[in-house]
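K.L.:
Sequence and computational prediction follow.
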Amino acid sequence: MSFRYITKRAALAFPVALTIAFGGAGQAAAADLESIHFLIPGGAGGGWDGTARGTGEALTKAGIVGKATYENMSGGGGGKAIGYLIENAASNHGTLMVNSTPIVIRSLTKRFPQNFRDLTMIAGTIGDYAAFVVSKDSPLQSFKDLVAAYEKDPRSVAIGGGSVPGGMDHLVASLAMEAAGADPVKVKYIPYDAGGKAMAALLSGEIKALSTGFSEAVGMAKAGEVRIIGVTALKRVDAYPDAPTLREQGYDAEFVNWRGFFAAPGLPDGQRKAYIAALEKMYTTDAWEAVRARNGWVNIFNPGDEFTAFLEKQEKVISALMKKLGFL
């Protein structure tokens, strides 16, 4: 089974116009932002955390933003941060919240009452492949080994992830098992609050494998603490070429999770355009390329209304898939 609902815009057209006037000619360019506060809906060490901090690093090193600050706000599978941003909209016009595919999944499953339409759409910015990870001493040497153990006794193979049951990490694990010809509904999924805690559970032996973002696993794999036994890319990723793809192991499963940024509802249009322009300019910088390559991210860019249309399409596809797998 091939799972390809993300449209990647890896090639961006530059240069682009980046100057947006706030009051008339001669005003400061929109890319020259004094500061951005990043709201992160999960704990440290997860994909949202890495995306926000990596983006802030690139923006400040490139001189596009003067100062970046960060706030982790875990709870409700991301719902706490979304609710906070909506309820305190007027005082948070300087804040960008990072999110990803789970904002679609969790609204479909009614994990929280809001959805992306309740926020100001800024832009989708990157894609991150999914990865299956085991501890360095695990007897599982490949994804085929994981499938074999699962087919023998699904309940003995606990697979963890940094999202709620029925969330993205769970969904990816089920889809990969379905691609392997196994029953996707029987996955014994153990949820943790963000990828950092899920990784700790893997290292302590609480779970046999971890379903996570590729970028979250690369650092630990390079340090020799874990092994990546499968990545959901078409071909091996340059950031860590030792990681085999599911496809080369015989499983037709491909997945890339978008990540991007949202602002509070009611954000003035000039400020919205300024954020979009700053993010778009970021792609041209060496600082961003260093962050992107380090994490193995795919460049995408879906600003404003394109971002809305993109998520509306994804919402329909994910809903159909979740119904098929019994998650809805």
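P.N.:
Thanks, I have the structure now. Residues are numbered from 1 along each chain as shown.
K.L.:
Give me the mean pLDDT for the lengthiest strand in the chain.
P.N.:
For the chain, the longest strand by residue count, based on DSSP state E, is strand 120-135. For strand 120-135, mean pLDDT is 95.
K.L.:
As PDB, could you dump the C-alpha coordinates of the helix or strand that that strand is followed by?
P.N.:
Proceeding N to C from strand 120-135, the next assigned helix or strand is helix 143-152, under DSSP states H and E. Extracted in PDB, the C-alpha atoms of helix 143-152 (Å, rounded to 0.1, in the frame of the first residue of the first chain):
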ATOM      1  CA  PHE A 143      11.600  -3.800  10.000                       C
ATOM      2  CA  LYS A 144      11.000  -7.300   8.600                       C
ATOM      3  CA  ASP A 145      12.000  -8.700  12.100                       C
ATOM      4  CA  LEU A 146       9.500  -6.300  13.700                       C
ATOM      5  CA  VAL A 147       6.800  -7.500  11.300                       C
ATOM      6  CA  ALA A 148       7.600 -11.200  12.000                       C
ATOM      7  CA  ALA A 149       7.400 -10.600  15.800                       C
ATOM      8  CA  TYR A 150       4.100  -8.700  15.400                       C
ATOM      9  CA  GLU A 151       2.600 -11.500  13.200                       C
ATOM     10  CA  LYS A 152       3.600 -14.100  15.800                       C
END
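K.L.:
Can you list the buried residues in stretch 152-164?
P.N.:
154, 157, 158, 159, 160, 161, 162, 163, 164 (16 or more other CB atoms under 10 Å). The way it works is simple: take the backbone N, C-alpha and C, and place the C-beta from them, glycine included.
K.L.:
now the helices for the stretch 201-328 of the chain?
P.N.:
Taking DSSP state H, counting those that start in this stretch as the criterion, the stretch 201-328 of the chain carries its helices at 214-222, 269-282, 286-295, 304-325.
K.L.:
With respect to residue 144, which of these lies nearest?
P.N.:
Within those, the stretch nearest residue 144 is helix 214-222; the backing value is 18.6 Å (CB to CB).
K.L.:
next structured bit after the helix or strand hosting residue 83?
P.N.:
Per DSSP H and E: residue 83 is located in helix 79-87. Counting by DSSP H and E, the next helix or strand C-terminal to helix 79-87 is strand 95-100.
K.L.:
Who are the packing partners of that following strand?
P.N.:
Packing partners of strand 95-100 (3 or more CB pairs under 8 Å, 6 or more residues apart in numbering; DSSP states H and E): strand 33-40, helix 47-61, helix 79-87, strand 256-263.
K.L.:
returning to that earlier point: could you export the longest strand of the chain as PDB, CA atoms only?
P.N.:
Extracted as PDB, the C-alpha positions of strand 120-135 are listed here (Å, rounded to 0.1, in the frame of the first residue of the first chain):
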ATOM      1  CA  THR A 120      -4.700  32.300  11.500                       C
ATOM      2  CA  MET A 121      -2.900  30.300   8.900                       C
ATOM      3  CA  ILE A 122       0.700  31.300   8.400                       C
ATOM      4  CA  ALA A 123       2.500  28.600   6.400                       C
ATOM      5  CA  GLY A 124       3.500  24.900   6.200                       C
ATOM      6  CA  THR A 125       7.300  25.000   6.200                       C
ATOM      7  CA  ILE A 126       8.800  21.500   6.300                       C
ATOM      8  CA  GLY A 127       8.200  17.800   5.900                       C
ATOM      9  CA  ASP A 128       9.600  15.100   8.200                       C
ATOM     10  CA  TYR A 129       9.600  11.400   7.300                       C
ATOM     11  CA  ALA A 130       8.500   8.900   9.900                       C
ATOM     12  CA  ALA A 131      10.900   6.300  11.300                       C
ATOM     13  CA  PHE A 132      10.800   3.100  13.200                       C
ATOM     14  CA  VAL A 133      13.400   2.900  15.900                       C
ATOM     15  CA  VAL A 134      14.700   0.200  18.200                       C
ATOM     16  CA  SER A 135      17.300   0.300  21.000                       C
END
